[in-house]
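Visitor: Got a sequence here, can you build the structure:
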Amino acid sequence: MSSSHQPSLPSGTAPGTPSISRSRSAAAVVNALVSILGLVVSIAPLPLGAASVSAAGDDPPFAILVAGVVLGVLGLVGSFGVWRAERWGVVLVIVVRGLDGVSSLAGVFATSTTLRTLAIVSVVSAVVVIVLLLRREGSADTTAG
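Guide: The predicted structure is shown next:
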């Protein structure tokens, strides 16, 4: 019986692991990449400390950087859950991307080109990931949870 199910497994998937749709796979990968980008951008100025970040003026507030690190870590955990076809992973990614997208809206109007670009990437990726996760699949993929 399991041999008839194996062709539907993505390459590199162990037998017994539920398969996920292409849209959820894409959402997990895009979310992981955006989470890694968010971690790198948020962690880089943290060693300067809150006073130095505030004095620089062109960086987001220190609390936003810390929130970026937390959202980045939660995003990676969520991508893992989505990849393993866990419902909690989908919920976690939708919440993380929603919070990240909404919090990045203010950055779309930043004077710094770098911050504006990162904010636009964040907002667009949030929309893309959430749409991919909520998208209805064809009849073959509706059984995957």
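
Visitor: Only C-alpha atoms from now on, for both contacts and neighbour counts.
Guide: OK.

Visitor: what sits against the residue most central in space within the chain?
Guide: What sits nearest the mean C-alpha location of the chain, by CA atoms, centre = their mean, is Asn31, with 2.7 Å. Listed by CA atoms under 8 Å, 6 or more residues apart in numbering, the contact set of Asn31 reads 75-76, 79, 93, 97, 125, 129.

Visitor: now the strands for this protein?
Guide: Per DSSP state E, the chain has no strands. Nothing in it meets that criterion.

Visitor: Any stretches of it with poor pLDDT?
Guide: 1-18, 53-59, 138-145 (pLDDT under 70).

Visitor: Now do the helices in it.
Guide: For the chain, the helices defined by DSSP state H cover 2-5, 22-43, 49-56, 62-83, 87-104, 113-134.

Visitor: quick revisit: measure the residue nearest to the centre of the chain to Ser42 for me?
Guide: 16 Å (CA to CA, to the nearest Å).

Visitor: So what touches stretch 77-86?
Guide: Residues contacting stretch 77-86 (CA under 8 Å, 6+ apart): 17-20, 24-25, 27-29, 31-32, 87-93, 144-145.
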